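J.: Starting from these lines, generate the structure:
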Amino acid sequence: MKRTYIIVIIVILIAAGAFFYYQNQQQSKLIDYVEVRERNVIESLRASGLVTPNKTIELSSTIAENVECINYKEGERIKKGQTILAFDDDLALAEYEQSLAQLKSAEASFEQIKASIKEAQAQINLAQIRLENAQKLNDESLQAEIHQAELEINNALKELKRREYLYQNNAIEEKKVEEQQHTVDILQSKKAVLEQKLVELKKNRNNLVKEASEELKRAELSYQTSQKQYHVAQENINSARAVLNRSQEQLNRYMIKAPLDGIVLDNYVEEGEYIQPGMTLFTLGTEQLQIIISPDEKELNQISIGKKGYVSPDAYPNQKFEVEIFKIAPNIDADRGTIDVYLKPLEGNDVLIPNMSVSVEIISKEQKNIKLIPKNYILEDNKTSYVYVYDNGNARRQNIIIEKNYNNQVIIDQGLSTGNKVLNPNGISDGQSVLIGE
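T.: Here you go, the predicted structure:
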């Protein structure tokens, strides 16, 4: 009987030990936790984008002609003014050369007429000088000589009369009278010569004036004629130059030149193909590239001009290149609820090419020294947020203030300190004894 009591007591003790061990295991079970640490957080917008030229231009034909040669292929770079395509321009070139020859001929005629004008002006000047010289021929000296001769003749005649009187009174010899008569005859002859010279001088002067006047009239007429020819020649040059300009413009249409520095994106024609006016020949894009993304309008608050980020080409996912927002569309796509955002590459232009797909990350905000815990570690009670923290083997409720959510985590504003161990709240209560892993 005594032995039976001992066995019952032992069984009771074993059962009690098992019960207490079970209760201890229920109260101190192993709990997951996170330790509160300060870290830097970058908030960013992620989107898929497409690389495009900053500007594209389509080049079209304005004439109907055969393509003679194509100088650039798709993907090749081209400089502004370089000829990308040339048409067969034999007829246009012949018309241009004919127009050029006509202009040169008109210019040569113009130069000849200019020379004629100069020559006519010189003739006018010479005729005016001759006329002035002819008009300046004077007879004053001859008139003076004739006057002097008349005085001498008068004096000689007086002397002759005196001698004749003396001779009649037998005061002098007849010879003296004859000598004085001879003197009178000589003086009268001299006067006659002077008078003849005067007549000839006047006649010669009149002839010279007449000739010079006629020469001046001819020179002036020649000048007026040359002036008229000058204006006609100017009109001929202007007309020839206009024809040449039209020929040049027409000839230029036979050469398609790049209007900017860029890249040949698309070529739609082949050499030898007959092209009609208006047909698109090429699409060119600028060397400056851009990346276009279309984020949801809800993310508009995360973007602004000047914000930077990174792109990774889908073809080279391990490479990242810095970009910057330079333009945001002024309106939202009503059908898709998105907005177009344009970024310019700050590097990587040797890798990025038009129509390349890229992944884009725009850094919208960077916060330093913040506290993050998983969102599922937070509970609410009457709009009060709280967590359980490990406190010397027990779970202790700790009220917190949340700043905002961040990628399935929560940024804590108040209530937790660096080093706090926040417990996974599943299945625990305030004050419960807990075990945590090291």
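J.: What mean pLDDT does stretch 98-111 get?
T.: Average pLDDT, stretch 98-111: 94.
J.: go on, stretch 309-319?
T.: 92.
J.: what about the strands in the stretch 201-350 of the chain?
T.: 255-257, 262-267, 274-275, 280-286, 289-293, 308-313, 321-328, 341-345 (DSSP state E, counting those that start in this stretch).
J.: Just put those strands in TSV and tack on mean neighbour count and distance to residue 183.
T.: Bear in mind the C-beta positions are built from the backbone N, C-alpha and C, glycine included. As requested, these are exported to TSV (neighbours: other C-beta atoms under 10 Å; distance: least, C-beta to C-beta, whole Å):
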stretch	mean neighbour count	distance to residue 183
strand 255-257	17	104
strand 262-267	19	115
strand 274-275	16	114
strand 280-286	19	115
strand 289-293	21	124
strand 308-313	19	131
strand 321-328	17	123
strand 341-345	21	123
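J.: Kindly reformat those strands as a markdown table containing distance to residue 226.
T.: Below are these laid out as a markdown table (distance: least, C-beta to C-beta, whole Å):
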| stretch | distance to residue 226 |
| --- | --- |
| strand 255-257 | 42 |
| strand 262-267 | 55 |
| strand 274-275 | 51 |
| strand 280-286 | 52 |
| strand 289-293 | 64 |
| strand 308-313 | 75 |
| strand 321-328 | 65 |
| strand 341-345 | 66 |
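J.: Please name whichever of these is nearest to residue 379.
T.: Between residue 379 and the strands of the stretch 201-350 of the chain, the shortest separation by C-beta to C-beta is 36.2 Å, and it involves strand 308-313.
J.: strand partners of the closest one, parallel vs antiparallel please.
T.: Paired strands of strand 308-313, with direction, are strand 321-328 (antiparallel), strand 357-374 (antiparallel) (DSSP bridges).
J.: what does the shortest one rub up against?
T.: Counting by C-beta atoms under 8 Å, 6 or more residues apart in numbering, strand 321-328 makes contact with 290-291, 303-312, 339-348, 351-352, 360, 362, all of which sit outside it.
J.: and if we set it to 7 Å?
T.: Where contact means C-beta atoms under 7 Å, 6 or more residues apart in numbering, the residues beyond strand 321-328 that reach it are 291, 303-311, 339, 341-348, 352, 362.
J.: same deal with stretch 394-414?
T.: Here stretch 394-414 has contacts from 41, 370-375, 378, 384-389, 415-416, 423, 428-434, using C-beta under 7 Å, 6+ apart.
J.: If we use 6 Å, what do you get?
T.: Outside of stretch 394-414, the residues within contact range by C-beta atoms under 6 Å, 6 or more residues apart in numbering are 370-375, 378, 384-389, 415-416, 423, 428, 430-434.
J.: Please apply the same query to stretch 272-280.
T.: By C-beta under 6 Å, 6+ apart, stretch 272-280 touches 58, 60-62, 64, 66-67, 268.
J.: now it, how far from the chain's geometric center?
T.: Chain-centre distance of stretch 272-280: 29 Å, with C-alpha atoms, centre = their mean, to the nearest Å.
J.: Could you pull up the mean pLDDT of stretch 118-131?
T.: Confidence for stretch 118-131, expressed as mean pLDDT, is 87.
J.: Also stretch 348-367?
T.: 86.
J.: going forward, begin numbering at 23 instead of 1
T.: All set: I'll call the first residue 23, so the last point we hit is now stretch 370-389.
J.: List the buried residues for it?
T.: Applying a neighbour-count criterion of 16 or more other C-beta atoms under 10 Å, one finds 370, 374, 376, 378, 380-384, 386 buried in stretch 370-389.
J.: right, and the pair among those with maximum separation?
T.: 376 and 386 (27.4 Å).
J.: Where do the domain boundaries of this structure fall?
T.: Using automatic domain parsing, the domains assigned to the chain come out as 49-64+389-458, 68-77+307-387, 78-110+276-306, 114-274.
J.: mean pLDDT for these: which is lowest?
T.: Among those, domain 49-64+389-458 scores lowest, at a mean of 85.
J.: how about the helices of this structure, start to end?
T.: 24-49, 112-158, 162-190, 196-274 (DSSP state H).
J.: Show me the one of those helices that comes nearest residue 317.
T.: helix 196-274 (45.5 Å).
J.: which helices and strands sit right next to the closest one?
T.: helix 112-158, helix 162-190 (3 or more C-beta pairs under 6 Å, 6 or more residues apart in numbering; DSSP states H and E).
J.: what packs against the longest one?
T.: Using 3+ C-beta pairs under 6 Å, 6+ apart as the contact definition, the elements that helix 112-158 packs against are helix 196-274.
J.: Next up, phi/psi of the residue of the chain most remote from its centre, please.
T.: Note on the chain: the largest C-alpha distance from the chain mean falls to residue 192, namely 124.7 Å (C-alpha atoms, centre = their mean). Backbone torsions for residue 192, taken as degrees, to the nearest 10, come to phi 60, psi 30.
J.: returning to that earlier point: what's the closest of the buried residues of stretch 370-389 to residue 161?
T.: For those, the nearest to residue 161 is residue 376 (100.6 Å; C-beta to C-beta).
J.: In contact with the closest one, which residues?
T.: By C-beta under 6 Å, 6+ apart, residue 376 lies in contact with 73-75, 307.
J.: Among those, which pair sits farthest apart?
T.: 73 and 307 (10.3 Å).
J.: ok so, going back, with residue 236 as the reference, name the closest of the strands of the stretch 223-372 of the chain.
T.: strand 277-279 (60.8 Å).
J.: Tell me the helices and strands packed up against that closest one.
T.: Looks like strand 277-279 contacts strand 105-109 (3+ C-beta pairs under 6 Å, 6+ apart).
J.: Which positions in the strand it packs on come out as buried?
T.: Neighbour count says strand 105-109 has 106-109 buried, by 16+ other C-beta under 10 Å.
J.: Kindly report the same for stretch 256-275.
T.: 258-259, 262, 265-266, 269, 272-273.
J.: Redo those as JSON lines? Include distance to residue 419.
T.: Shown next, in JSON lines, are the buried residues of stretch 256-275 (distance: C-beta to C-beta, whole Å):
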{"residue": "258", "distance to residue 419": "106"}
{"residue": "259", "distance to residue 419": "102"}
{"residue": "262", "distance to residue 419": "101"}
{"residue": "265", "distance to residue 419": "98"}
{"residue": "266", "distance to residue 419": "96"}
{"residue": "269", "distance to residue 419": "94"}
{"residue": "272", "distance to residue 419": "90"}
{"residue": "273", "distance to residue 419": "90"}
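J.: for the residues you listed, which one is nearest residue 95?
T.: residue 273 (25.2 Å).
J.: residues contacting that closest one?
T.: Residues near residue 273 by C-beta under 6 Å, 6+ apart: 114, 118.
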